[in-house]
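K.L.:
no FASTA, just this:
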């Protein structure tokens, strides 16, 4: 028999990135495609110690079922860190532990989105969010990014025209563009959202990884009531622990907890205990400092290699943190075609298309710099520059 | 502003059990309410060793992002165990690792259920499934359980009348009733489902925990194509690791993988590696044998205490495995009212209501025996028998 699946599955494509990763399995390929942290940054020994400790001292507890909301001391730690970093007063009850921030996106879609609800995302936007929200069949609208953040004029006109239920943003070192919202842009964005009573979903997986400039307060600092923040331990501890969180209050949090219960009862409790033990027994800021030094070297290398080898008509962002930069080819040059040429030269990246809800054959692409050493970055950028020159010449 | 939530959240109640667990936080209370494994069964030392080993030998890998489908050797292990136990030929590609089998229920609902689709569950049925499916707004139909499994006459008439998209069943030591489908009943059930081309969702968290009698083949043995099986390591290793799986094939599995990607990218990889290491370095069958000895003692104690202390007009199931037994009070006696009386005597259980999709003020209740020692079981059953006698007398 042919099975009738739920309609919501019709719009969701298999993740583009995961398809690309299959190409990059060839060890000859230099990959700027994935979004993987550098394993050199993983605190393996410290995780070992934390694991031994929690199992020795509380094995019966850490291996048992636990609460949907997550381990209270871990939620308190997260809340306190918001206060320490930005003076934000957040209660532990406003923190829900999730399986990475990806689960946060799924739960938010679940509790907020009806079919055909308008939502607003950045253009380009994070593909994991596009994928997670797609399941709930909203209408995607998008607003372009400038160098200092979202285009606030177009943000306002889009809110006015579409009255979206939520605006999804990654204000720090955005995935895929590497762009960071300025302090001014954050404030203006908050005021516009307030005017239209729009919920903001502020996703911040990279905010702790700033190599240059000053940390900026979350948009939530200027707008409290309709804010949902997402955070993650994937980039500052390790993604294999699959731990992130949602920060929200009141009725939104109540609904999220109900959705989380039915989604998987609670997040991995053993990992929660191990990560919490790691956090209290070690110097997290010192650990993050080391990650930033590592990534800054890789980022600087890629930025200077692009300047050295790429044709001048190709534009590139210069991120102040995070893991990605964003390339814009001349008009009419397809990054999908470039991907095929590049694959033959054994270098890979993510073409722009999956970062747009409604566009194809874009002239943009994403490069990741955290997972190659400097020698590989130089060699990879050389290869990529060569095929980029060819494609621009031939305009294929 | 008041937020307009997704309509799907209107039907989902906060988990009843989790609300009850708040009552049972009082240490004076003897609780038969939860569904917790006995921590005496947790292989703490072995998990410690496994954790040390995978971090020492493959720390860079086990802490990194991984594939949506799950760790391949773990999936192979699960597939091989189906072969070893039942001669079922299952490919590792038919196994998707999930965050406990609860996530399996959520993913199945997501890919299969449109609003107002008919589905069929057991009466009484597993409340976690009712909760997970509710989110997708199906119409619940139910079919009663007899001592030897589902009532196959009513199964057939319900399939004929409602043409449900799926039938959800827990054929081994069912939660909540403790009932096990006989071999004959499994075969008949399979044939009826085949006739109507109905998908079976066969959930088996307790199947390995049989204290008496012989293991019986899954219903899937008699019906391959429209089968989805769910399994879990929560009851045979530890629930804190939050690892379960879905076994399905073809297009169903393809859609489930897409849904899993957008739900949380992949399950906790560190836990997958630790559990796999535990499985290959230890004797799982020997470990399970110890759990069964422990639980059999607890089960026998509860069964005999019920026989000794309970009024004769109260009926009780006698499970051959698993973690629960099911009490039926005389007609018209509300188990919700009994719960309130019992709470005053410091003993707790789960009233029947949350195990029915469409019924209230039922005369049934669930008792768990795995999380109390024999002394507590005797004392708890004495207290419960006392208030049961009172409520029957007063018919309140």
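P.N.:
Arrived safely. Since the model is a prediction, treat every value here as computed from it, not as a measurement.

K.L.:
was I right to think residue A:354 contacts residue A:129?
P.N.:
No - look at residue A:354 against residue A:129 with CB atoms under 8 Å: they stay out of range, at 11.2 Å. The way it works is simple: take the backbone N, C-alpha and C, and place the C-beta from them, glycine included.

K.L.:
what segments of the stretch 201-350 of chain A are helices?
P.N.:
Secondary structure of the stretch 201-350 of chain A (DSSP state H, counting those that start in this stretch): helices at A:250-264, A:269-281, A:284-309, A:335-344.

K.L.:
any stretches of chain A with poor pLDDT?
P.N.:
A:1, A:13-19, A:395-396 (pLDDT under 70).

K.L.:
repeat the analysis, applying 80 as the threshold.
P.N.:
Scanning chain A for pLDDT under 80 picks out A:1-2, A:11-23, A:25, A:395-396.

K.L.:
list the buried residues for stretch A:371-388?
P.N.:
Within stretch A:371-388, the residues that count as buried by 16 or more other CB atoms under 10 Å in any protein chain shown are A:371-372, A:376-378, A:380-385, A:387-388.

K.L.:
parallel or antiparallel, list what pairs with the longest strand that chain A contains.
P.N.:
Ranked by residue count and defined by DSSP state E, the top strand of chain A is strand A:139-146. Applying DSSP bridges, strand A:139-146 is found paired with strand A:118-123 (parallel), strand A:149-150 (antiparallel).

K.L.:
list the buried residues in it.
P.N.:
A:140, A:141, A:142, A:143, A:145.

K.L.:
which residues touch the residue nearest to the third one when sequence neighbours are not counted?
P.N.:
Pointing back at residue A:142 there. Nearest non-adjacent residue to residue A:142, counting by CB to CB, 6 or more residues apart in numbering or on different chains: residue A:123, 3.8 Å away. Shown in contact with residue A:123 (CB atoms under 8 Å, 6 or more residues apart in numbering or on different chains): A:142, A:143, A:144, A:145, A:356.

K.L.:
residues contacting the fourth one?
P.N.:
Put plainly, it is residue A:145. Neighbours of residue A:145 in contact, by CB under 8 Å, 6+ apart: A:122, A:123, A:124, A:151, A:174, A:177, A:179.

K.L.:
if you look at those, which of them are in strands?
P.N.:
Per DSSP E, the contacts of residue A:145 map to strands at A:122, A:123.

K.L.:
distance of the nearest residue to residue A:315 once chain neighbours are set aside relative to residue B:34?
P.N.:
The shortest distance from residue A:315 to any non-neighbouring residue, by CB to CB, 6+ apart, is to residue A:328 (4.3 Å). Residue A:328 is 56 Å from residue B:34, where distance means CB to CB, to the nearest Å.

K.L.:
coming back round to it: compare residue A:354 and residue A:129 (neighbour count), which wins?
P.N.:
residue A:129 (29 against 23; other CB atoms under 10 Å in any protein chain shown).

K.L.:
so which strand or helix has the more buried one?
P.N.:
Residue A:129 belongs to helix A:127-134 when assigned by DSSP states H and E.

K.L.:
please identify the most buried of the strands paired with strand A:139-146.
P.N.:
Compared across these, strand A:149-150 shows the largest average neighbour count, a mean of 25 (mean count of other CB atoms under 10 Å in any protein chain shown).

K.L.:
residues making contact with that strand?
P.N.:
With contacts defined as CB under 8 Å, 6+ apart, strand A:149-150 is touched by A:122, A:143, A:144, A:169, A:171, A:179, A:180, A:181, A:182, A:185, A:186, A:189.
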